[in-house]
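Engineer: Here you go, sequence then predicted model.
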Amino acid sequence: MAYTLGNAMIFTGSKLLDKGYVSFDNGKIIEVGPMDSFYGHVDRDLNSMLVMPAWINAHTHVYSTLARGMSVEFHPISFTQILQQLWWKMDRLLGAEEIGISALVAACEFIHNGVAVIFDHHSSPGYVKGSLEILKREIVNIAGMRGVFCHETSDRDGVQMESIEENANFYEENRESRCVSGMMGLHASFTLSDETLDIASKVCNGKIPIHVHVAEGREDESDSINTHDAEIIQRFNRHRLLIPDSIYAHCIHISDGEIDMISKSNGFIAVNPQSNMNNAVGIPNLHRFKKSDAKVVLGNDGFGFSPSFDMRLLALSQKHLLGTPTAFSHSDLRRIVENTYELASHHLKERFGKIEKGYAADIMVVNYLPPTPMTSENFYAHLFFGITESAVDSLYIAGKPVMCNGEIKTLNEREIKRKARKIANALWERL
């Protein structure tokens with residue numbers, strides 16, 4: 001049975017309805033229009049709140065939720081040492097319980113921030129087989145979100161065929177789903193041997209997209225050049241891994257030639273400004289990506305959960321980096337948001353990013369009342385200066401109410417976080 005949200009400001013992705021309605025059924029939007037043309041029953045009166053497409057996160061690490069507030073001996077002077085002193089210590093200890101609870105905590109946080117789809121790059125070297133199924137169960141089946149998952153393949157603890165098999169099996173098992181999919185997860189060039197890349201390439205067979213970190217720290221690029229006599233993307237190309245719809249996270253220290261190769265292979269560069277600045281690894285130069293027509297999407301690398309904060313910081317970072325207030329426009333922001341919807345659409349075989357007939361009913365309701373005129377033309381200016389600070393009131397995913405009036409309907413958030421504190425404390429003690 002169709003469900004209708006009425007008396008709302010609606011940003012369809014291309015135009016703004018000052019007072020409109022949207023109806024959806026069977027997970028799809030079936031009708032959108034102005035209220036004065038609607039004569040049916042309104043199931044929920046939104047009293048002028050803003051309706052817009054739900055967000056997508058193109059690169060995250062949900063297991064990082066268990067690190068919040070954790071204290072370990074930490075004195076890195078390079079990005080590799082950050083991994084060695086913190087993340088690699090932690091991910092080796094993750095088991096089924098830790099994976100499951102971190103997924104539920106992350107789902108709570110993402111839902112509160114209006115995120116419907118995540119691309120998660122998971123790592124639990126001590127618990128590989130079945131790890132992606134746990135993420136699917138908690139985030140998709142229980143929380144009601146959509147997700148594209150992979151397990152990080154790395155040779156830091158020896159060749160890990162188990163990760164390649166986990167990725168390939170999960171991809172095949174979920175090929176027909178519109179709510180969940182898989183990718184071939186690779187850590188980064190500097191932790192992957194030629195042998196492992198060859199095996200991954202053979203399994204991918206040009207069909208399974210890869211999800212990999214690229215030149216997050218300078219040492220990744222220099223290692224590839226010094227050890228393999230090739231830049232990172234050149235090296236991946238040698239191994240036939242530049243597969244369409246692949247995600248190359250960070251790409252801070254790659255060359256213009258590598259950017260061209262990603263663009264020509266129909267790949268996506270996932271930028272993560274908050275994480276990059278927190279780790280002091282540098283800021284991606286979006287002007288260089290734009291010159292090569294490379295498609296840029298937005299992630300968070302496990303740092304925070306709000307795409308709105310990431311959008312604002314991304315814009316500010318470019319202005320700071322290039323020393324001009326015109327370095328990043330609202331049109332640039334719009335392009336990145338639309339690219340991120342495109343990425344999700346390709347992987348889940350569903351149409352995202354518009355409030356229009358036939359699109360997925362992944363919709364968020366934002367408690368935003370504009371203090372100045374808001375139009376189709378200046379919507380992204382309102383997004384940058386105002387909507388980013390407004391609370392998400394409700395979230396519908398595939399037409400189902402995942403959150404209403406700020407309360408998550410699919411999860412017991414209080415109980416999840418009580419259990420998470422207990423599990424996190426035990427994990428910290430083992431560290």
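Structural biologist: Great, that's in hand.

Engineer: hang on, residue 345 packs against residue 353?
Structural biologist: Yes - assessed by C-beta atoms under 8 Å, residue 345 is found in contact with residue 353 at 7.3 Å. Yep, even glycine has a C-beta here, placed from its N, CA and C like the rest.

Engineer: and the two? which has more neighbours close in?
Structural biologist: Neighbours were tallied for residue 345 and for residue 353 using other C-beta atoms under 10 Å; the higher tally belongs to residue 353 (24 against 18).

Engineer: Relative to residue 193, how far out is residue 102?
Structural biologist: Residue 102 sits 29 Å away from residue 193 when distances are taken as C-beta to C-beta, to the nearest Å.

Engineer: With neighbour numbers in mind, choose between those two.
Structural biologist: Higher neighbour count among residue 102 and residue 193: residue 102, with 27 against 12, using other C-beta under 10 Å.

Engineer: which ones are touching the spatially most central residue of the chain?
Structural biologist: Computing the C-alpha centroid of the chain and ranking residues by C-alpha atoms, centre = their mean puts residue 57 first, at 2.2 Å. Going by C-beta atoms under 8 Å, 6 or more residues apart in numbering, residue 57 touches 110, 115, 117, 118, 119, 298, 299, 300, 307.

Engineer: Could you give the bridge partners of the third one?
Structural biologist: Read it as residue 117. Applying DSSP bridges to residue 117 gives these bridge partners: residue 56, residue 146.

Engineer: can you pull the pLDDT of it?
Structural biologist: Note on residue 117: pLDDT of 98.

Engineer: burial of it, as a residue count?
Structural biologist: Residues within reach of residue 117, counting by other C-beta under 10 Å, total 29.

Engineer: Could you check how far it is from residue 280?
Structural biologist: 29 Å.

Engineer: In three-state terms, how would residue 342 be classified?
Structural biologist: helix (DSSP: H, G, I helix; E, B strand; the rest coil).

Engineer: Report the contact partners of it.
Structural biologist: Going by C-beta under 8 Å, 6+ apart, residue 342 touches 295, 353.

Engineer: hang on, residue 150 in a helix?
Structural biologist: No - Residue 150 is assigned strand when assessed by three-state DSSP, not a helix.

Engineer: ok, and residue 428, which helix or strand is that part of?
Structural biologist: Residue 428 is part of helix 413-430, with elements assigned from DSSP states H and E.

Engineer: Now that helix - C-alpha only, PDB.
Structural biologist: The C-alpha coordinates for helix 413-430 follow below in PDB (Å, rounded to 0.1, in the frame of the first residue of the first chain):
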ATOM      1  CA  GLU A 413      19.900   2.000  20.300                       C
ATOM      2  CA  ARG A 414      20.200   2.300  24.100                       C
ATOM      3  CA  GLU A 415      20.700  -1.500  24.500                       C
ATOM      4  CA  ILE A 416      23.200  -1.700  21.600                       C
ATOM      5  CA  LYS A 417      25.400   1.100  23.100                       C
ATOM      6  CA  ARG A 418      25.200  -0.500  26.500                       C
ATOM      7  CA  LYS A 419      26.500  -3.800  25.100                       C
ATOM      8  CA  ALA A 420      29.100  -2.000  22.900                       C
ATOM      9  CA  ARG A 421      30.600  -0.300  26.000                       C
ATOM     10  CA  LYS A 422      31.100  -3.700  27.600                       C
ATOM     11  CA  ILE A 423      32.600  -5.300  24.500                       C
ATOM     12  CA  ALA A 424      34.800  -2.300  23.800                       C
ATOM     13  CA  ASN A 425      36.200  -2.300  27.300                       C
ATOM     14  CA  ALA A 426      37.100  -5.900  27.000                       C
ATOM     15  CA  LEU A 427      38.800  -5.300  23.700                       C
ATOM     16  CA  TRP A 428      40.800  -2.400  25.100                       C
ATOM     17  CA  GLU A 429      42.000  -4.600  28.000                       C
ATOM     18  CA  ARG A 430      43.300  -7.100  25.500                       C
END
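
Engineer: Give me the contacts around that helix.
Structural biologist: Outside helix 413-430, the residues that touch it by C-beta under 8 Å, 6+ apart are 65-66, 68, 70-71, 90, 93-94, 97-98, 101-102, 104-105, 108.

Engineer: Now do residue 417: how many residues are near it, please.
Structural biologist: 16.

Engineer: Read off the pLDDT value for it.
Structural biologist: 97.

Engineer: Tell me how far the residue lying closest to residue 45 once chain neighbours are set aside lies from residue 98.
Structural biologist: Using C-beta to C-beta, 6 or more residues apart in numbering and skipping the chain neighbours, the partner closest in space to residue 45 is residue 7 (5.0 Å). Separation of residue 7 from residue 98 (C-beta to C-beta): 44 Å.

Engineer: now swap in residue 214 and tell me
Structural biologist: Residue 214 is 27 Å from residue 98, by C-beta to C-beta.

Engineer: now residue 426
Structural biologist: With C-beta to C-beta as the criterion, residue 426 and residue 98 are 9 Å apart.

Engineer: Please say which of those two ends up with more neighbours.
Structural biologist: Shown here are residue 426 and residue 98; by other C-beta under 10 Å, residue 98 has more neighbours (23 against 12).

Engineer: I'd say that one and residue 63 touch.
Structural biologist: Yes - shown here, residue 98 and residue 63 form a contact pair, counting by C-beta under 8 Å, at 7.2 Å.

Engineer: Next, show the common contact partners of those two.
Structural biologist: Jointly contacting residue 98 and residue 63 under the rule C-beta under 8 Å, 6+ apart are residue 124.

Engineer: The closest residue to residue 216 other than its chain neighbours: what's it in contact with?
Structural biologist: Nearest non-adjacent residue to residue 216, counting by C-beta to C-beta, 6+ apart: residue 250, 4.0 Å away. Applying C-beta under 8 Å, 6+ apart, we find residue 250 in contact with 213, 214, 215, 216, 270, 271, 272, 276, 281, 284, 301.
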